[in-house]
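1. quick one: sequence and predicted model below, then my questions.
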Amino acid sequence: MTSPDVQKDIVRACAVEISHAVVTELGDSCFSILVDESRDVSTKEQMAVVLCYVDKRGRVVNQFFGILHVENTNVVTLKSAIEAMLANYGLSISRLHGQGYDGATNMRGEFNGLKTLILKE
């Protein structure tokens, strides 16, 4: 089991199971997202997503939800990737009640940033 392909398959399977467990715990509650994008060591653009929600005990939970590879970091591409990721787990963007981004202009731009595009939904 030292094959890189087998290891990647195991990691992917674990990620899917953990994400499904998070979605199950979230239920029909509202949630927020924290998003950061960067370039990895091979210069591929990627975006990390964290879900934030209040669990049934009233505790705030910040749960890493995934890393997505994106073609570029323009707002339309990032928005589409977030929508696809949420839809893949049956989460509606209409339940999104908060957004957190780094200070990059494409993320927080007042008129054309990712935050603004999602708020228009």
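-> It's in. Computed from a predicted structure; not experimentally measured.
2. from here on, just use CA atoms for contacts and neighbour counts.
-> Will do.
3. with adjacent residues omitted, what lies nearest to Cys52?
-> Asn62 (4.5 Å; Cα to Cα, 6 or more residues apart in numbering).
4. got the contact list for that neighbour?
-> By Cα atoms under 8 Å, 6 or more residues apart in numbering, Asn62 lies in contact with 50-53.
5. quick one: the helices in the protein?
-> Using DSSP state H, the helices of the chain run over 4-26, 75-88, 105-108, 114-119.
6. the residue nearest the centre of the chain - nearest residue in space that isn't next to it in sequence?
-> Per Cα atoms, centre = their mean, the C-alpha nearest to the average position across the chain is that of Val49, at 2.9 Å. Nearest non-adjacent residue to Val49, counting by Cα to Cα, 6+ apart: Val35, 4.8 Å away.
7. the one you found contacts Val50, correct?
-> Yes: Val35 lies in contact with Val50 (Cα atoms under 8 Å); the separation is 6.5 Å.
8. Ser94 is nearest to which of the helices of the chain?
-> helix 114-119 (9.5 Å; Cα to Cα).
9. pLDDT averaged over that closest one - what is it?
-> Across helix 114-119, pLDDT averages out at 67.
10. make residue 1 into 33 and carry on from there
-> Fine by me, first position is 33 from now on; the one you just mentioned is helix 146-151.
11. any idea how far Gln95 is from Leu118?
-> When distance is defined by Cα to Cα, to the nearest Å, Leu118 is 14 Å away from Gln95.
12. where does pLDDT dip in the chain?
-> Within the chain, the ranges that satisfy pLDDT under 70 run 33-34, 135-149, 151-153.
13. the residue nearest to Val81: how many residues sit nearby?
-> Residues near Val67, counting by other Cα atoms under 10 Å, number 18.
14. with Leu83 instead?
-> 21.
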